[in-house]
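> Sequence plus the predicted model coming up.
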Amino acid sequence: MLTIKPTLIATAIAVSAISLGGCATKDYVNEHVAAVDAKVQTTQGQVDQHQTRLAQLDQTTKEALDRATAAGKLAEGKFLYSMVLSDDSVKFPVDSSKLSPEAQERLTAFADKLKNDNRNVYLEIQGHTDARGPDTLNTQLGEKRAEAVRLFMNQHGVPLNRMSTISYGKQDPVADNKTRTGRAQNRRVVMVVMS
């Protein structure tokens, strides 16, 4: 009869336990490495998104600087005349920067006048709102109105480098904001022509 020594059995059990433990540890490590890799890839994706956003902000900053430089040129020029597009004549709807047909008609005539005058002039396009709503939204809405006019004027032959926009939001009313008529007059775009 064959006798197996207890030490041999104990050694075989120990070797089996160690090898099984090694497999469990390897699976555990692989599982956690995969989880960490997934987190790293997610973080890299977020970093890439942030870098893209920073590049967009950098471009926006450059455009703002260009507009500020153009506004500085305007400030150096002398006032010739201005034209006002107010809600009572061109119907800027509340919370809207869309140009009505009346506004487009007046702007087309204004662009034609500028081209026929054939003078090197600069336009400062000022956006205004009524007093309803928060300051930040009114400032943004004033900028959108001024920008809508600037783009329309450019489509009708006025060079972009001869125009700049600025938003006064609700800061420079021309009428009382307590009345409907006054608020309509305050929703406006003013185009200041300078030489």
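Good, I have the coordinates. Numbering: from 1, shown residues only.
> the helices in the chain, which residues?
For the chain, the helices defined by DSSP state H occupy 6-76, 87-90, 101-117, 135-155, 180-186.
> Output the contacting helices and strands for the last one.
Packed against helix 180-186 by the contact rule (3 or more Cβ pairs under 8 Å, 6 or more residues apart in numbering; DSSP states H and E) you find strand 79-86, helix 87-90. Where you see a C-beta, it was placed from the backbone N, CA and C, and this is true even at glycine.
> Check the third one too.
In terms of contacts (3+ Cβ pairs under 8 Å, 6+ apart), helix 101-117 is packed against strand 79-86, helix 87-90, helix 135-155.
> just for the protein, where's the confidence low?
Low-confidence segments of the chain, defined by pLDDT under 70, are located at 1-24, 29, 68-77, 79, 86-94.
> that older thread, can the helices of the chain go into CSV with extra columns for mean neighbour count?
Listed next are the helices of the chain as CSV, based on neighbours: other Cβ atoms under 10 Å:
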stretch, mean neighbour count
helix 6-76, 11
helix 87-90, 18
helix 101-117, 14
helix 135-155, 19
helix 180-186, 16
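> To residue 161, which of those helices lies closest?
With Cβ to Cβ as the measure, helix 6-76 is the member of those nearest residue 161 (6.9 Å).
> before we move on, back to that, tabulate the helices and strands packed on helix 101-117 (CSV), appending distance to residue 103.
Formatted as CSV, the helices and strands packed on helix 101-117 follow (distance: least, Cβ to Cβ, whole Å):
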stretch, distance to residue 103
strand 79-86, 6
helix 87-90, 4
helix 135-155, 8
